[in-house]
Structure formats: C-alpha cells, structure tokens
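> pasting a predicted model and its sequence here:
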Amino acid sequence: MLPQFLTLTITALYCCNVLASYQSSAVEKLAEMYGYHADSHDVVTPDGYILTIQRLSKPHAHNSSRHRSPVLVGHALMASSELWIFREDENLALQLVDHGFDVWLANFRGTPYGVRHRTLSPKSHEFWDFSWHENGVMDQAAMIDYVLNTTGHARLFALSYSMSCTATMVLLSERPEYNAKIIANVFFAPAAFFKNPAGWWHLAKTLMNTFPDYARRLRNATGGYVINDKLPFSDVSLTTLCPAAKSNTVFAPVCKMLSDFFEGKRSYLGSDKLLRGLTIRFPSGASIRQGVHYAQSIQKDGEFRKYDFGSARNFELYGSSEPPSYNLTSITSPIHIYCGLEDVTVSVKILILPQFSFT
C-alpha cells in the first residue's frame, strides 16, 4: 500500500504542471502590469544549455543601471523567475528595483526559460541528465559571469531561495574563485541539510528507507526523467482542485501539503487569488535527478554531498564507492540566512553551521 501511496502522492503533485505552454514573454508582461520593464537575455552554459534570464528596471529611473549594484535572484525547485513577481503586492524583486538595485531574475535549466540547448532536444533523456550539482557549477556560474560582464561590475549580490541556495553552495564549494565575485549571499530557506526532517519530509524519509528503489518508482510515476506537462492528467491543475479542497474533498491532503510545504502550518495561502497565482506557476519543469539528489540527502541524514550514481560509477567519477561531501569550508563570501520558524523543510537549528562565515 505504501508504494502505491508514494506513487499517487508524487503523481498528484507533479501532474499539475501547466507551465510548458507559457511564452517567454510572461515575465515581461507581469513586470509591465506593475509599471516595470523586463528585458530578456540568453545565457549559454559551458555544456550548451541556453537559459533566459530577465533584467528588471523601472522606466524613467533617475540613476542609470551602471550605478546600481547588481543582484541575481534565484528560484526554487520546480519554479521559475515568475514566482518573484506574480503577486500584486510584496514582490521582493520589484522592491529591490525601487531601492536602487539592478535586479536580474535567474532561471535554471529545465524551467520553461531553460529548455533550449545547442545540440540536445528537450525530448531526449540526455537533456534532463542533470541534478542541482550542474545547476551550481554550470548554470549559476554562467549567469553570474553574464551579469558581471554585461553590467561592468566586478561583484554582485546573490539572493537565493531554496534550491538556488543549494546551487550557490555547490558553486562556491566546487569553484571557490566565485566567492570573489559575490558581495554577499542572501539565502531564503536554503534547502541543503535535511537532518531530522519534520512533517511530510519525515514521511518521505520513512518511505525511502522502506523502499530503497524509490528512484525507479519516481521515474515510473512521472513517465521518465523529466517532470513536465507530459504527465498523466496534466490538463488538471491545483488551481481547480485546491479551492474545492475546503469542502474536505479527496484533494484536501495534497493541497494541505502544498500549503505546508511553502509556508508552514501557519500558511497564508488561504487566499484563493494568491493560491491560484501560485498554482498556475508551480510546479514548473525539473529533472528527476534533481529530486533524487535531494532524496539521497534525506536518506543520509542531511549529508550535503555529491550525487550517488552507485558504487561502480562513483568509483569512476569520485575514486570511491560513496560520493564525497561538498567542502563547505571553501565558502568564504558572507552569508545571510532567513527562514521561518514554521518551516518543516529547513530547520533553524540545522542551519547554524561552523563551516559558514555569517555576518
């Protein structure tokens, strides 16, 4: 029964992706709606992925972008840059523009803004053969370099949420020279350490320990190596299901899990309008390997280490049967961490690590 429950839960969450039909102009239209301007820029990674990022500005601003400190704003897993500006109020990215920053919205490979490649088709398994390791050493590095080269600045602020925090930590651990390119890191709920997970994450850990072949089940549940709009029932959206959940329908547990996942038990997602805006933008495209990489961390009590390919492949890549941990002592740029006390994913107690330099 538990395997079927796991499969049903995963499918229910991932089948609701409606972002594949979004046009690249969605962020531009959202920005224009609120009186701002967004320019799209294509960033090519060393391994050939083409990422579209957006630069925000306000028409008729008094100081030019040359005098504004650049900020690269990163998104969570199964999200995109749209989540930073879809609300009518409290849009952090737009507030940063108002306060004089040169704001750039990042998009990682696999999102609707990262499904192009110089040689690979997004319909191929090879295209989706990546985890958040590549998001860090490839995507984040390429976006940082592009922003700095375009603006003429030597350093920038890196503002990250959830998985983009993971990617930034990977980058700064694996390529420590990038510490010199970052004025400061601002991490919102960094998803990297899952020791003693609570809520649904505790259930997920129990299920994964009970069924070690969870990765195969996950691939079967989602139809391959990609989380996208080709899943079963992909024409059904949480936008429709969750308002109905108030009447205690069968979808109530899924919607409650979504709400708790984003904002904890004291969730503010009770607003139908806010929930609708969120669910038409989440979940976005992602690779199964990204999720499996997090699952491996949960299974290993929160160890922040490289992807486990199995002992044979690990020996080829790492020289050992087990994947090595990321060297967090290589992170020397300042880190500012913000997380909620009700967050069941990121625990405050786990975040206070001696490896980091806090300011």
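Cool, got the structure. Everything numeric here is computed off the predicted structure, so don't read it as measured data.

> please enumerate the strands of the chain.
Along the chain, counting by DSSP state E, strands occupy 37-44, 49-57, 70-73, 102-105, 116-117, 156-161, 182-188, 226-227, 286-287, 335-338.

> note down every partner strand of the third one and its orientation.
The one in question is strand 70-73. Partners of strand 70-73 in the sheet, by DSSP bridges, are strand 102-105 (parallel), strand 156-161 (parallel).

> ok, the second one next?
Here strand 49-57 is paired, per DSSP bridges, with strand 37-44 (antiparallel), strand 102-105 (antiparallel), strand 116-117 (antiparallel).

> please identify the most buried of those.
Among the strands paired with strand 49-57, strand 102-105 has the highest mean neighbour count (mean count of other CB atoms under 10 Å), at a mean of 27. In short, each C-beta sits where N, CA and C put it, glycine included.

> average pLDDT for that strand?
For strand 102-105, mean pLDDT rounds to 97.

> okay, it in CSV with CA atoms only?
Provided in CSV are the C-alpha atoms of strand 102-105 (Å, rounded to 0.1, in the frame of the first residue of the first chain):
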residue,chain,number,x,y,z
ASP,A,102,20.0,46.3,-10.8
VAL,A,103,17.8,43.2,-10.5
TRP,A,104,18.4,40.1,-12.6
LEU,A,105,16.0,37.1,-12.4
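
> ok so, going back, any chance of the strands paired with strand 70-73 in JSON lines, plus distance to Ile53?
JSON lines is the format used below for those (distance: least, CB to CB, whole Å):
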{"stretch": "strand 102-105", "distance to Ile53": "6"}
{"stretch": "strand 156-161", "distance to Ile53": "13"}
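
> show me the contacts for Asp139.
Asp139 is in contact with 45, 49, 51, 106, 108-109, 114, 167, counting by CB atoms under 8 Å, 6 or more residues apart in numbering.

> isn't Ala106 right up against Ser80?
No - assessed by CB atoms under 8 Å, Ala106 is found out of contact with Ser80, at 9.3 Å.

> of the two, who's got more company?
More crowded of Ala106 and Ser80, by other CB atoms under 10 Å: Ala106, with 29 against 26.
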